[in-house]
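*Asks:* okay, here's the prediction I keep looking at, along with the sequence it came from:
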Amino acid sequence: MEIDRDLVQEMINNSVGNDYVINEFIDSSKYLFITYKHRDFYDDDERGQLIGPGPIVYHKETKEYKTSGSGEFVCGEYFGYLNENDDYVEKQWSVEEIKNDIIRRKFVNHDDIWNLALLFVGENGDSGSMTKNRNYNLILHTIYYSSNIDVILYFERLWIELNLKYEVLNPNQILLWKNM
């Protein structure tokens, strides 16, 4: 199937800006979904992810292109088409996989911290949480709170191993830098 890549890129530029490029083509029975990604970041890097606009949609029968909104996949005309051939399998992360992703991206996603905490919780139990403090750059820092001091030490050891900055704010809070 031939698509007009120039038109699709122009639609992406108009929708989300010039920092995003065509990434992937997802075929379904009725539509071709054309996703995009930030030109400077990996697909899994939260710095390049957007909330709101969905992929460009090519209607196979009418040959029309449309910029979609994210809600259209939940309750609109595209519902059921985007992942019609996928069987959802939840990813089971390991600490090593998360660390390798951080090193590759040179950045710690919010989900990385969450998954690392869940791995520790699964083994040791914890009622910790992530929080923000407006005195710090919210994009580059996260504060992890836990009443379990071992969790704070766990993150301290990981950040030392990854050669990332951190600061223990008190026995129950650690400030984690997110970029290397």
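*Replies:* Received it, and whenever you're ready, just let me know what you need. Keep in mind it's a predicted model, so treat the numbers as computed, not measured.

*Asks:* state the distance from residue 167 to residue 173.
*Replies:* Residue 167 is 9 Å from residue 173, where distance means Cβ to Cβ, to the nearest Å. (Glycine included, C-beta is placed from N, CA and C.)

*Asks:* count the residues that sit near residue 47.
*Replies:* For residue 47, the count of nearby residues is 15 (other Cβ atoms under 10 Å).

*Asks:* ditto for residue 77
*Replies:* For residue 77, the neighbour count with other Cβ under 10 Å is 14.

*Asks:* doesn't it belong to a strand?
*Replies:* No: under DSSP: H, G, I helix; E, B strand; the rest coil, residue 77 sits outside any strand and is assigned coil.

*Asks:* can you offset everything so residue one is 197?
*Replies:* With the count now opening at 197, the last piece we talked about shows up as residue 273.

*Asks:* so it versus residue 255, what's the distance?
*Replies:* 10 Å.

*Asks:* kindly report the same for residue 359.
*Replies:* Counting by Cβ to Cβ, the gap from residue 359 to residue 255 is 49 Å.

*Asks:* the two - which one has more neighbours?
*Replies:* residue 255 (13 against 8).

*Asks:* so what's the more buried one closest to, chain neighbours aside?
*Replies:* The shortest distance from residue 255 to any non-neighbouring residue, by Cβ to Cβ, 6 or more residues apart in numbering, is to residue 227 (6.0 Å).

*Asks:* please report the distance of the one you found from residue 273.
*Replies:* 9 Å.

*Asks:* try residue 250
*Replies:* Residue 250 is 12 Å from residue 273, by Cβ to Cβ.

*Asks:* just give me the residue right at the centre of the chain.
*Replies:* Residue closest to the average C-alpha location in the chain (Cα atoms, centre = their mean): residue 242, at 4.3 Å.

*Asks:* and the chain, what are its domains?
*Replies:* Following automatic domain parsing, the chain resolves into domains at 201-269, 291-373.

*Asks:* ends of the last one, how far apart?
*Replies:* Same thing as domain 291-373. 18 Å (Cα to Cα, to the nearest Å).

*Asks:* contacting residues around the closest residue to residue 302 other than its chain neighbours?
*Replies:* Take residue 302 and drop its neighbours on the chain: the residue closest to it by Cβ to Cβ, 6+ apart is residue 376, 4.3 Å away. Shown in contact with residue 376 (Cβ atoms under 8 Å, 6 or more residues apart in numbering): 298, 299, 302, 303, 358, 359, 360.
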